[in-house]
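S.K.: Provided below for reference: sequence and predicted model.
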Amino acid sequence: MIFPILCAEDAAGQPFILPDDLAGERSVVLIAFLQHQQAAVESWLPLLESLTHRLGAFHYYVIPTVQRLAGWQGEFADMGLRLRRSGQASGHLLTLYVDLNDFNRALDIPTVSQIYPLLIDRAGHVLWRAEGGFTPEKAESLIASLEPSPALALP
């Protein structure tokens, strides 16, 4: 499965091309759809912060994914997102405005009721995926998928 090439927006409002502009050779993208999913997103952050510090070629991104709206509705949604994200780390936050049906179909995401952590490389290959918040089993599975790469070997 390939992550589609899409234009997102960083916390400063600058364009960011996914997956081309990813900082890591491999990156976890935490795809979230609804504001109440913040707790599930935050449950992953301690592990992802740790991996970022331990692995030189690894990065993560929190990606609120929003249905693309036209006209004033799009501006209203954008303003709300900017206000909510103002306190978050700007280097990890990207907002993605898409047609949710097309996006979810491309990544085989069956519902917006869960978050979806995906490990992808710069070419967009989805190397690992999970559904929902952090669990030790999901963490072990993610770490195991990182270990085969010599550049990403855990210390």
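M.R.: That came through, no problem.

S.K.: where are the low-confidence patches of the chain?
M.R.: 69-91, 148-155 (pLDDT under 70).

S.K.: host element of the residue most central in space within it?
M.R.: The residue lying closest to the centre of the chain (CA atoms, centre = their mean) is V29, at 2.3 Å. Using DSSP states H and E, V29 maps to strand 26-32.

S.K.: could you say what helices and strands that strand packs with?
M.R.: Here strand 26-32 touches helix 38-54, strand 58-67, strand 116-121, going by 3 or more CB pairs under 8 Å, 6 or more residues apart in numbering; DSSP states H and E. C-beta: built from backbone N, CA, C; applies to glycine.

S.K.: which residues does the residue nearest to the centre of the chain bridge with?
M.R.: Listed beta-bridge partners, V29: Y61, L118 (assigned using DSSP bridges).

S.K.: Please look at it and Y60 and confirm they touch.
M.R.: Yes - using CB atoms under 8 Å, V29 makes contact with Y60 at a distance of 7.3 Å.

S.K.: and stretch 104-114, how far out from the chain's middle?
M.R.: Relative to its chain's centre, stretch 104-114 lies at 13 Å (CA atoms, centre = their mean, to the nearest Å).

S.K.: Enumerate the positions of that stretch that are buried.
M.R.: Using 16 or more other CB atoms under 10 Å as the test for burial, stretch 104-114 gives N104, L107, I109, V112, Q114.

S.K.: what separates W44 from P15, distance-wise?
M.R.: 25 Å (CB to CB, to the nearest Å).

S.K.: I should have written V112 there, sorry.
M.R.: Distance from V112 to P15, by CB to CB: 24 Å.

S.K.: Then N104?
M.R.: Counting by CB to CB - N104 and P15 are separated by 22 Å.

S.K.: do T52 as well
M.R.: Taken as CB to CB, the span from T52 to P15 is 23 Å.

S.K.: Who has more neighbours out of those two?
M.R.: Neighbours were counted for T52 and for P15 using other CB atoms under 10 Å; T52 has more, 18 against 9.

S.K.: I'd guessed the more buried one sits against L45; true?
M.R.: No - here T52 does not reach L45: they are 10.0 Å apart, not a contact under CB under 8 Å.
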